[in-house]
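1. Next comes the sequence, and after it the predicted model I'd like to discuss.
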Amino acid sequence: MKDKFFTYIQELQNTITAKLEELDGKATFKEDVWERKEGGGGKTRVIENGAVFEKGGVNISKVFGELPEALRKQFGVKEGNFFACGLSLVLHPVNPFVPTVHANWRYFEMYDDKANIVTQWFGGGQDLTPYYLFEQDAKHFHTVCKNACDKHHADFYPKFKKTCDSYFWNSHRNEARGIGGLFFDYLKQDDQFSIEQRYQFVTEIGNSFLESYVPIVKERKDITFQKEHKNWQEVRRGRYVEFNLVHDRGTLFGLKTNGRIESILMSLPPTVQWKYNHQPPEGSEEAKLVAVLENPKEWI
């Protein structure tokens, strides 16, 4: 399974970056291949200063070896070996009317002293962070997510949508990071689903990503915007940074386990503003977005 899933994310990285380069029409992804001294490595691809994407990354990694201390504490074991691989992407657009998007799909195994698999699971999801709210965009994104989920189980979309709303919550601001999507973790083999069925589900979600995001980009990327729109985008990007550095488990895990810092912080936007006690004007489009972020809603 680990070889099967790693092959999948290698192919998915190629598919996604090729489509995004075509969509941007100006910038291309720069590839950075790296190795982890404890075992494994990855392939980071970053796009910057494009016509559509101000900054973005589509990264894959495969790491293995002795469990880091943080994982030993988490699993309550004194020693053990592990394998983990995944694809992670974040895209920060130039145009404030195009939303930022984040997605990742990952697989994990842990072994005993005889190299037998003790536990294995999948995780991942995809979520949208707009700066200006277009309800048809939110409905499109969530519809694609639901359609992919429904092919595997009717309960998946409502369950993983709710988990996403709960996870991407900036509790110190009492607001969501964006308008959600899907978030799932620790998808193991159980009485209902085999590990192969888990694989089929996660790859279904990964394969649906471009359909969920690209039509929105095409619809919004050429809208004329002013400096005040860009300022609002950068203020909201600040909230994105706050979530990633304060709450995000993946970021914190990477920082605590001697992860590759450039890949971990690839998700951060290039320009950000923090204005003291910034409040959007009452009745404005900016205030409309904040109202939804404070009360996550059902889009479909």
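-> Ah, there it is.

2. Identify each buried residue in the lowest-mean-pLDDT helix or strand in the chain, please.
-> Of all helical and strand segments in the chain, the minimum by mean pLDDT, DSSP states H and E falls on helix 69-75, at a mean of 79. The neighbour-count check on helix 69-75 (16 or more other CB atoms under 10 Å) flags L71 as buried. C-beta here means a position set from N, CA and C on the backbone, and glycine is covered the same way.

3. do the same with stretch 243-258
-> F243, N244, H247, D248, G250, T251, G254.

4. Parallel or antiparallel, list what pairs with the helix or strand N59 falls within.
-> Following DSSP states H and E, one finds N59 within strand 53-66. Sheet pairing of strand 53-66 (DSSP bridges) gives strand 40-48 (antiparallel), strand 81-93 (antiparallel).

5. before we move on, the earlier item: taking the buried residues of stretch 243-258 one by one, which sit in helices?
-> The helices, defined by DSSP state H, take in F243, N244, G250, T251, G254 from the buried residues of stretch 243-258.

6. got the contact list for the second one?
-> It stands for N244. T251, S267, L268 (CB atoms under 8 Å, 6 or more residues apart in numbering).

7. now these in JSON lines, with pLDDT?
-> Shown next, in JSON lines, are the contacts of N244 (pLDDT from 0 to 100):
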{"residue": "T251", "pLDDT": "88"}
{"residue": "S267", "pLDDT": "91"}
{"residue": "L268", "pLDDT": "95"}
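
8. ok, back up a step: ok, and which of the strands paired with strand 53-66 has the densest surroundings?
-> Of all those, strand 81-93 carries the top mean neighbour count, a mean of 22, counting by mean count of other CB atoms under 10 Å.

9. Name the helix or strand for Y157, please.
-> helix 156-167.

10. I should have written G50 there, sorry.
-> Using DSSP H and E, G50 falls outside every helix and strand.

11. quick one, phi psi at L67?
-> The phi and psi values for L67, taken as degrees, to the nearest 10, are phi -60, psi 130.

12. Equivalent analysis for the one 10 residues further on, please.
-> Phi and psi for V77, reported as degrees, to the nearest 10, are phi -120, psi 160.

13. swap in E21?
-> Dihedral angles (degrees, to the nearest 10) for E21: phi -60, psi -40.

14. give me the number of residues near the nearest residue to it once chain neighbours are set aside?
-> Nearest residue to E21, sequence neighbours excluded (CB to CB, 6 or more residues apart in numbering): T28, at 5.3 Å. Counted with other CB atoms under 10 Å, residues neighbouring T28 total 13.

15. Same question for the one 5 residues further on.
-> Summarising burial for V33: neighbours were counted as other CB under 10 Å, giving 9.

16. Report the secondary structure state of it.
-> At V33 the chain is in strand, as set by DSSP: H, G, I helix; E, B strand; the rest coil.
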